[in-house]
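Chemist: Have a look at this prediction, sequence included:
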Amino acid sequence: MATSALPTTLSDNGAVVERHWQELNLRRRTYTFLGLALLAVALSGSLWFANATNAGKFFDRLPYFFDFVGDLVPRDGAEIGRAMFDLPSPYDDGSLKYNYPEGRMYLTDSIYVPEYFYKMLETLNIAIFSTIFGMFFGFILCFFAARNLMPNPWVRGLARRIMEILRAFPEVVIAGFFLAILSLGPIPAMIAVSIHTVGALGKLFFEVVENADMKPDEGLRAAGGNWFERVWFGIVPQVLPNFMSYFLLRLEINVRASTIIGAVGGGGIGEPLRLSISQGHEAKTLAIIILLFTTIIAVDQFSAWLRRRLVGDQAFQLAQ
Amino acid sequence: MTVNSMMNTAQMDAIAARHPHLLKGSTSKRIRSILLFAGIGLYMIYSWWFFSIGQVLVNANWGIAGTYLADWVSYEVRPDIKIATDGTMQVVYPRYSPLGPDAKPEWVKIETKMVDRTIDVPAAAQQAAPKSSSFSFMAPNAAVGGSAEAGARTETRTEEVVSRATVNFNSTTSIDVIDGKVTATHGGETLLIDLEHSAGVTPEGDLPEWATQKRPGEKITLAFGMTGWADVDKEKVSIHNRFPGWANFIFDTNSPFFNKSLSEVMSLITSSDRLDPSRSNLSLAWNNILYNSEWQHLDVWTKLLQTIVMAFVGTLFASIIAFPLCFLAARNITRNSVLNQVIKRFFDFLRSVDMLIWALFFTRAFGPGPLAGMSAIFFTDTGTLGKLYAEALENIDDKQREGVKSVGATPLTVQRFGVLPQVLPVFASQALYFWESNTRSATIIGAVGAGGIGLKLWEAMRTNSDWENVCYMVILILIVVFIFDSASNFLRSRLMGQKTH
């Protein structure tokens, strides 16, 4: 379309430019086509492989795809509320399915916290605690990994490798290992999420530090400041808003991560969710999903609001 | 020169006195930061109490942590030296010993002798004997068999027994068992232990640091650090000799290639004498590697590939679906705020219903396997990518669009030539970033049954005895993550120029 609008008669130089452009265009199209073809081959191969190794085959299972919607319909709408607030159900037949008050966490003889609220609080606490922990150590590590503050390549390389390993090490393995030592509870999940957070935040932090303005640092160096003074007075004030923004972003991610870790035995809301889905307790499942959904949205909105206040629209760039 | 140009304290104080507002922050600001730190401190104390962290850490079984960690990179061989009442011995290896059946390791030295042994024969076995056994057994039975007594009796046999067993852990550590006496040597110290059926286990002299006995007469545990440990009881000395490395990583003990050196294996593979008449030695060897019962290479690789495929297909589909939708969600492209809001809230919904919830649902829908994980990643990431894409679209430079529009292009052409060139590298870069990060999250959702290596990892950890398999899978995962990380970084820096890290 673009070429047809060009004049047909060209000067010699024009013809050379035109021919060169056509060549480049042809080459680019060939590469694009090859890339797409490769992608298509990889995709169809992947799909075939996934289907072949799955327990149920895609087309066999497709008619039953919406069964899970049916699994989610409780006997009446109020059941969800009863499950959420641990109120007794009129359908109570002694089975776990309708026995909501059983999970109450009593604070005093008459005041209780509903089970799922308590579990949600546990998950939130896991996320907040491990994000603070990760922020603390990521903060310490990041200055040793930044090129502009640590001229020694060995120290820098070591700090970066440590963070890479902490980040890439599967969380589920750390959780499983500490589960074996510490016995059941939320602490293995906390350790796993914390360790991952140190690596992830450390990487984001040192990238911020490397992009920092070095003029305050120069000023402090000229006035005879040592390394700690230069970092504390020259760099920290300008990177702190960005650090806080990444901290909040990580908090959002960690709320999700601690839910997932909880589902594999690490305490928190994940475990009751997995159990109630697998046992077919519709009302309980829906209650947990609504709770989780609301919490995640609330945390996201709060963090977005705070980040916008801290660093403006810059906070909404791609988080790495 | 420098000394002169430096300020003295009085001058610095003078400057500070002249510009107090620059050097001292406002009171409210200082109070705010103090409050913030106090809040964080209080929160940490609260969490400490909420999770009773201190108590859990104290009650933890830290001793076993060292053993589990050692299991990642080493293995134990556990022969038992069984000691009969008459002081004769037997060296027994457990059924699934990494040394395979009928092992004779060099570090266990055995002296044998022939003894006449008196064995109690239970009544039941004795009655069965005349029916099944041969005539040689009938003769002694016949001699005493006239009596009607049905109780147990004794019988004498001649058999080979171990009279002395020496286990050499390393050059400074060894255990020697002879005549009901155990001599343990470790790091220059020697401990003599008497084993008696009536008195139990008694050490001669004081116990060295590496030996512990809870009560007199009970078993003594000898801990030799990384080289292993042993339990000395009156009827049995259990040896745990630890070796670095992974046992039987290539061939398991059932394989005909087991315990052969590389050159032997190579010559077997190239020779034409077939070990298994139905196939060549090479295919037999390959098959033995893939179906190694201890390491399950084929299964691990399949699961790992599932994880990779889940992340790849999930992210690809998510970006394909998010691509057209984000044009509808961006308020500067589609000037219909109702439609914008509907699509944006739809993205938020997909994103906020956690990947875990999607994974659990799709596991119910498709059964455990990669289809479930793939769909979970697809649903979550459609939301995330859609949101990011829409934000990228809303931040584009309008001049190019206006330029294309001003020459009379159709609305579709405006998008193609005015918008797409600006955002396509960003879109691709974000998709690549999520592809890489999903490779990591696919490991975790696998553990709830959504396919991939996660479940296999989780199962290996639950037994608490397969830590070497966990280590193997972790190394594979780290390699995959590293490769994908580098590939994604490389492609992104090509797409975006030098801007991304």
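Modeler: That came through, no problem. Numbering: from 1, shown residues only, chains lettered A, B, ... in the order given.

Chemist: A:Val231 is in contact with A:Phe143, correct?
Modeler: Yes. Assessed by Cβ atoms under 8 Å, A:Phe143 is found in contact with A:Val231 at 5.4 Å. In short, each C-beta sits where N, CA and C put it, glycine included.

Chemist: Need the residues touching each of the two.
Modeler: A:Leu149 (Cβ atoms under 8 Å, 6 or more residues apart in numbering or on different chains).

Chemist: ok, those two, which is more surrounded?
Modeler: Each of A:Phe143 and A:Val231 has its neighbours counted (other Cβ atoms under 10 Å in any protein chain shown); A:Phe143 has more, 23 against 18.

Chemist: In terms of secondary structure, what does the helix or strand where the more buried one lies contact?
Modeler: Taking DSSP states H and E as the definition, A:Phe143 sits inside helix A:115-145. Here helix A:115-145 touches helix A:78-85, helix A:153-168, helix A:187-210, helix A:236-261, helix A:270-279, helix A:282-311, helix B:27-50, going by 3 or more Cβ pairs under 8 Å, 6 or more residues apart in numbering or on different chains; DSSP states H and E.

Chemist: what about it, distance to the chain center?
Modeler: How far helix A:115-145 lies from its chain's middle: 13 Å, per Cα atoms, centre = their mean, to the nearest Å.

Chemist: angle of that helix against helix A:282-311?
Modeler: Using axes from the mean of the first three to the mean of the last three Cα atoms, to 10 degrees, the direction of helix A:115-145 lies 30 degrees away from that of helix A:282-311.

Chemist: for helix A:115-145, what is the average pLDDT?
Modeler: Taken as a whole, helix A:115-145 carries a mean pLDDT of 92.

Chemist: same thing with stretch B:399-407?
Modeler: 89.

Chemist: got it, and stretch B:424-442?
Modeler: pLDDT averaged over stretch B:424-442 gives 87.

Chemist: Looking at the helices and strands packed on helix A:115-145, spot the one closest to B:Asn464.
Modeler: helix A:187-210 (13.6 Å; Cβ to Cβ).

Chemist: Please see if that closest one touches chain B.
Modeler: Yes. Using Cβ under 8 Å from any Cβ of the partner chain, we find that helix A:187-210 touches chain B at A:Ile187, A:Met190, A:Glu207.

Chemist: got the contact list for the second one?
Modeler: With Cβ under 8 Å, 6+ apart as the criterion, the residues that contact A:Met190 are A:Ile126, A:Phe129, A:Ser130, A:Phe133, A:Ser258, B:Phe51.

Chemist: Check which helix or strand B:Val201 maps to.
Modeler: B:Val201 belongs to strand B:200-204 when assigned by DSSP H and E.

Chemist: Could you find the closest non-adjacent residue to the residue of the stretch 201-350 of chain B found nearest chain A?
Modeler: Nearest residue of the stretch 201-350 of chain B to chain A: B:Val309, at 4.3 Å (Cβ to the nearest Cβ). Excluding its sequence neighbours, the residue lying closest to B:Val309 (Cβ to Cβ, 6 or more residues apart in numbering or on different chains) is A:Ser46, at 4.3 Å.

Chemist: For chain B, give me its nearest residue in the stretch 151-300 of chain A.
Modeler: Nearest to chain B in the stretch 151-300 of chain A, going by Cβ to the nearest Cβ, is A:Gly176, at a distance of 3.7 Å.

Chemist: and that residue, what does it touch?
Modeler: Here A:Gly176 is in contact with A:Pro188, A:Val264, B:Leu457, B:Trp458, B:Met461, B:Arg462, B:Val470 (Cβ under 8 Å, 6+ apart).

Chemist: One more: B:Gly54?
Modeler: B:Trp48.
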